[in-house]
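Q: got a sequence here, can you model it:
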Amino acid sequence: MTQIQKSPIQVPEIDRSFCSQCGSQMWLSQISSDGSGKEYRILDCPVCDISKKNLHVAAE
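A: Numbers count the residues shown, from 1 in each chain. Predicted coordinates for the structure are as follows:
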């Protein structure tokens, strides 16, 4: 049986946008950082395979 462990680290909720082509909620597939507090988040549509790249600036 698989055991689930909860992490003590608080992870902020990721804003998952909707696909502009079909309206389905997109899935977060990748996060990359440029070292200056900016993150690039790649979201993929599970229905029509469109990808979207969002820029996210960390709150100070």
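Q: what residue lies at the spatial centre of this structure?
A: Centroid-nearest residue in the chain, with C-alpha atoms, centre = their mean: Leu28, separated by 3.3 Å.
Q: spit out the contact partners of that residue.
A: Listed by C-beta atoms under 8 Å, 6 or more residues apart in numbering, the contact set of Leu28 reads Ile14, Arg16, Arg41, Ile42, Leu43. Glycine gets a C-beta too; all of them are placed from N, C-alpha and C.
Q: low-scoring pLDDT stretches of this protein, where are they?
A: 1-2, 4-14, 58-60 (pLDDT under 70).
Q: isn't Asp34 up against His56?
A: No. Using C-beta atoms under 8 Å, Asp34 makes no contact with His56, being 11.1 Å away.
Q: need the overlap of contacts for those two.
A: Common neighbours of Asp34 and His56 (C-beta under 8 Å, 6+ apart) are Tyr40.
Q: and those two? Which one has more around it.
A: More neighbours surround His56 than the other of Asp34 and His56, with 15 against 9 (other C-beta atoms under 10 Å).
Q: surely the more buried one touches Lys38?
A: Yes. Applying C-beta under 8 Å as the test, His56 and Lys38 come out as touching, 7.2 Å apart.
Q: what's across from Leu28 in the sheet?
A: Following DSSP bridges, Leu28 is listed with bridge partners Leu43.
Q: so how far is Gln3 from it?
A: Leu28 is 24 Å from Gln3, where distance means C-beta to C-beta, to the nearest Å.
Q: ok, Ser20 next?
A: Separation of Ser20 from Gln3 (C-beta to C-beta): 39 Å.
Q: and Ser36, by the same measure?
A: Distance, Ser36 to Gln3, by C-beta to C-beta: 38 Å.
Q: the more surrounded of these two?
A: Between Ser36 and Gln3, Ser36 has the larger neighbour count (other C-beta under 10 Å), namely 7 against 4.
Q: so the more buried one, which of the three states?
A: Following DSSP: H, G, I helix; E, B strand; the rest coil, Ser36 is assigned to coil.
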